[in-house]
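# With the input below, show me the fold.
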Amino acid sequence: MPELFQVVTVDVANQRLGEHLAPLQRVEHVALLDALDRTTAQDLHSPAPLPAFARSTMDGFAVRAADTYGASEGLPAYLTLIGEAPMGRPPDLVVGSGEAVRVHTGGMLPAGSDAVVMVENTQALDARMIEVVRPVAIGENVIPIGEDVAPGALLFPRGHRLRPQDIGGLAGVGLASVPVAARPRVAILATGDEVVPAEQEPQPGQIRDINTYTVATIIKRAGGVPLPAGIAPDDIDLLRRMARAALAEADMLLISAGSSVSTRDMTAQVIGELGQPGVLVHGVSIHPGKPTILAVADGQPVFGLPGNPVSTLVACDLFVAPALRQLLGSAPLPPWQMVQARLTHNVASIPGREDFVPVRLETRADGLWAEPIFGKSNLIYTVAHADGMLHVPLDRAGLYANDPVAIRLF
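Purely as a prediction, here's the structure:
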């Protein structure tokens with residue numbers, strides 16, 4: 001007899017699952033150029049100050065600030081030029097009272113100096129003498145030692161996902177490799193007598209496997225390693241064996257559960273037998289994606305995803321990606337980038353259900369507009385031709401044309 005859904009909200013579903021998940025303890029040390037989008041496995045502290053020496057922020061002259069006090073166009077300060085600071089090595093000059101050294105942007109300040117006068121605020125009288133027409137304060141136009149990062153300072157906490165600017169920051173303090181959380185291995189098992197590999201010519205009544213490819217790329221983006229485990233026929237014994245074998249090689253298992261009620265029920269039964277506590281959620285108050293299954297088998301998350309491609313996409317972003325971040329020990333992140341737009345057409349919904357509608361974005365003279373793409377959840381090109389998803393909240397019966405809306409970009 002088909003199982004009746006006992007649907008819960010997205011937040012409740014993720015909370016139930018999250019209570020049973022813990023970060024994986026596997027750590028890898030990777031070269032800095034391979035660390036982009038990886039998650040730090042421990043707090044990273046700076047081994048050195050940045051900058052490591054006082055640097056000029058301007059082309060000009062390194063001086064003692066006190067020698068410029070009161071300088072003006074009408075009564076300039078006269079300083080003796082004793083040389084030029086080289087780039088890339090320490091200057092061997094010492095600035096004394098009434099003296100100046102020519103410096104360039106990024107160059108090291110010579111000993112004795114505590115400020116830099118911009119070249120625009122000076123005039124050369126001859127090869128050995130300059131006049132300063134504006135005063136500078138101590139530290140003006142200078143980056144002191146450790147202003148960017150002090151020695152021992154926390155650079156990034158454990159669980160931080162490294163961005164391009166973070167990689168540059170780590171290079172700046174000499175960290176050429178970093179400890180990162182190992183990527184979770186995610187087994188992907190497609191199901192269905194009608195499903196054939198993408199490279200195979202389908203016979204009448206058969207369809208190519210779309211979900212394995214969609215899911216695998218979502219896993220990669222979320223920081224996991226996809227492990228396609230084949231296509232299981234609608235045979236419960238074979239599905240059981242393939243599911244157990246796939247989970248044994250992975251940290252997480254995703255089963256594309258098919259479209260028919262009987263197939264979903266068979267998938268739920270197999271998932272429930274994989275380990276404790278078993279199925280936590282069977283049915284979520286979303287459209288598309290209602291028949292999603294969330295489970296845990298002896299510490300390993302298992303998902304039964306809807307068979308329809310659009311439903312699978314929505315379920316992966318809402319549940320699989322957050323679970324992967326939890327396994328990585330990563331701080332929760334918004335799953336999508338958001339933009340604000342206005343709606344071109346009415347969108348109907350049902351209170352008590354969250355709807356996700358593909359939209360195209362169009363820039364007009366009066367701003368950004370979102371055009372809903374209405375289509376069934378088994379039509380992959382409704383999302384392939386979309387720029388993002390419109391989210392209709394749980395408590396709304398729909399949205400109206402011209403309403404301001406938030407769009408979750410793909």
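
# Skipping adjacent residues, who's closest to Thr363 in space?
Trp369 (7.8 Å; CB to CB, 6 or more residues apart in numbering). (C-beta placed from N, C-alpha, C; glycine too.)

# Mind giving me the packing neighbours of the helix or strand harbouring the one you found?
Per DSSP states H and E: Trp369 is located in strand 367-372. Secondary-structure packing of strand 367-372 (3 or more CB pairs under 8 Å, 6 or more residues apart in numbering; DSSP states H and E): strand 337-343, strand 354-364, strand 388-392.

# ok, it: who's next to it in the sheet?
Under the criterion DSSP bridges, strand 367-372 sits next to strand 337-343 (parallel), strand 354-364 (antiparallel) in its sheet.

# which of those sits most buried?
Per-stretch averages of neighbours, counted by mean count of other CB atoms under 10 Å, single out strand 354-364 among those, with a mean of 19.

# That one vs strand 388-392, what angle?
Strand 354-364 runs at 130 degrees relative to strand 388-392, counting by axes from the mean of the first three to the mean of the last three CA atoms, to 10 degrees.

# can you list the residues that contact strand 354-364?
Strand 354-364 is contacted by residues 9-10, 285-289, 310, 314, 339, 341, 344, 347, 349, 368-375, 382-383, 385-394, 407 when judged by CB atoms under 8 Å, 6 or more residues apart in numbering.

# hmm, back to that, among the strands paired with strand 367-372, which is nearest Leu294?
Proximity to Leu294, assessed across the strands paired with strand 367-372 by CB to CB, is greatest for strand 354-364 (15.6 Å).

# Tell me the helix or strand right after the least confident helix or strand in the chain by mean pLDDT.
Using mean pLDDT, DSSP states H and E, helix 261-272 stands out as the lowest-scoring helix or strand of the chain, at a mean of 82. Following helix 261-272 in sequence order, the next helix or strand is strand 277-282 (DSSP H and E).

# Give the other helices and strands that that following strand contacts.
helix 10-18, helix 261-272, strand 293-297.

# To Ile236, which of the helices and strands packed on strand 367-372 lies closest?
strand 354-364 (31.1 Å).

# where does the stretch 301-410 of the chain have low pLDDT?
Applying pLDDT under 70 to the stretch 301-410 of the chain flags the ranges 333-336.

# who's in contact with Arg55?
By CB under 8 Å, 6+ apart, the residues touching Arg55 are Gly106, Gly107, Met108, Leu109, Val142, Ile143.

# right, and Gln326 touches His20 too?
No. At 9.9 Å, Gln326 does not count as touching His20 under the criterion of CB atoms under 8 Å.

# neighbour count winner among those two?
Just comparing Gln326 and His20: by other CB atoms under 10 Å the higher neighbour count belongs to Gln326, 21 against 18.

# Does that one belong to a helix, a strand or coil?
Following DSSP: H, G, I helix; E, B strand; the rest coil, Gln326 is assigned to helix.

# Now it: closest residue in space that isn't a chain neighbour?
Of all residues not flanking Gln326 in the chain, Leu21 sits nearest, at 4.7 Å (CB to CB, 6+ apart).

# that older thread, out of the contacts of strand 354-364, which are buried?
Buried by 16 or more other CB atoms under 10 Å: 10, 285-289, 310, 314, 341, 344, 347, 349, 369-373, 375, 382-383, 386-392, 394, 407, out of these.

# Show me what counts as buried in stretch 214-229.
If you call a residue buried by 16+ other CB under 10 Å, then stretch 214-229 has these buried ones: Thr214, Val215, Ala216, Ile218, Ile219, Ala222, Gly223, Gly224, Pro226, Leu227, Pro228, Ala229.

# Contacts made by it with the rest, please.
Residues contacting stretch 214-229 (CB under 8 Å, 6+ apart): 37-39, 161, 183-189, 212, 242, 245-246, 249-250, 252, 254, 256, 305, 309, 312-313, 316-317, 320-321, 324-325, 327-328, 330, 380.

# starting at the chain centroid, how far to it?
Centroid separation for stretch 214-229 versus its chain: 15 Å, with CA atoms, centre = their mean, to the nearest Å.

# For that stretch, measure first residue to last.
One end of stretch 214-229 sits 14 Å from the other (CA to CA, to the nearest Å).

# just to revisit the earlier point, and Val279, which of the strands paired with strand 367-372 is closest to it?
That would be strand 354-364 among these, by CB to CB, at 21.1 Å.

# Model confidence for the residue nearest to Leu33 when sequence neighbours are not counted, exactly?
Leaving aside its sequence neighbours, Leu33 sits nearest to Ile167 (CB to CB, 6+ apart; 7.6 Å). With respect to pLDDT, Ile167 scores 98.

# So what's the residue count around Val133?
A count of neighbours around Val133, defined by other CB under 10 Å, yields 18.
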